[in-house]
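>>> The following block contains a protein sequence and its predicted model.
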Amino acid sequence: VKAGTTTAGTTNNIAGGNLTLAGGQGKGSGAGGEIIFQVANAGGSGSSLNSLAEAMRISDAGFVGIGTGAPAVDLEILDTTTSSATQGGNLRLSSNDGAAMADDHRLGVIEFAGAEDASATMTVGARIEAICDAGWSASENGASLLFYTTDGNATQSEVMRITSDKFVGIGTDAPNQPLT
């Protein structure tokens, strides 16, 4: 599958094509179509086709489900393996530019935002950030969690930090003892 049919040549600045996946359209009170992504796992030997299994779905409500055919929120990740201390839904934020992570480099961030006006101008109200607390190597992989809030002027400030040494700081970015 590809989008667009332009081939390289002497013309510059050619726009690429769009790829649209669309579920079937319903009519009246009929349900709209969903987009379902299926994969086939490797099977045993033989001449039969391997079975397809659903891997992801975009519902007619716009919800995305990974591991579930009935997502109930914007993004739902369902792990159906037997529950244990090492199983459960998993969302990974990763950073890899081909070099080892350096001190104070960001591993990932989760932001919480909302519209500040009727023009849908989005403002971040809070965020949680994971940063390296030293340069990473085979023997050093420490990270800290930083929590930020936003004041009335949309200025973000770090309000709490949990270090890899298990120190907790509220109102300081250099805690030197555990919170008890």
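Arrived safely, thanks for sending.
>>> Ser95: what's it in contact with?
101, 105-108 (Cβ atoms under 8 Å, 6 or more residues apart in numbering). From N, CA and C alone the C-beta is placed, and that goes for glycine too.
>>> same deal with Ala154?
116, 123-124.
>>> Which one of the residues you listed sits in the busiest neighbourhood?
Most neighbours among the contacts of Ala154, by other Cβ atoms under 10 Å: Val124, with 15 neighbours.
>>> what are the bridge partners for that one, then?
Ala113 (DSSP bridges).
>>> what do you get for Arg161?
Where Arg161 sits in a bridge, its partners, by DSSP bridges, are Leu146, Gly169.
>>> So what's the residue count around Asn96?
7.
>>> ok, now the one 3 residues further on?
Burial of Ala99, expressed as a neighbour count using other Cβ under 10 Å, amounts to 8.
>>> Report the separation between it and Trp136.
Applying Cβ to Cβ, to the nearest Å, the value for Ala99 to Trp136 is 10 Å.
>>> for Ile77, same thing?
26 Å.
>>> Tell me who's in contact with the closest residue to Phe112 other than its chain neighbours.
Distances taken as Cβ to Cβ, 6 or more residues apart in numbering put Ala126 closest to Phe112, at 4.7 Å, once the chain neighbours are dropped. Ala126 is in contact with 111-112, 147-150, counting by Cβ under 8 Å, 6+ apart.
>>> run the last query once more with 10 Å
110-113, 147-150, 156, 159 (Cβ atoms under 10 Å, 6 or more residues apart in numbering).
>>> what does Leu179 give?
Contacts of Leu179 (Cβ under 10 Å, 6+ apart): 160, 162, 166-170.
>>> filter the contacts of Ser95 to the buried ones?
101, 107 (16 or more other Cβ atoms under 10 Å).
>>> Looking at the contacts of Ser95, which one is closest to Asn18?
Using Cβ to Cβ, Gly108 comes nearest to Asn18 of those, at 29.2 Å.
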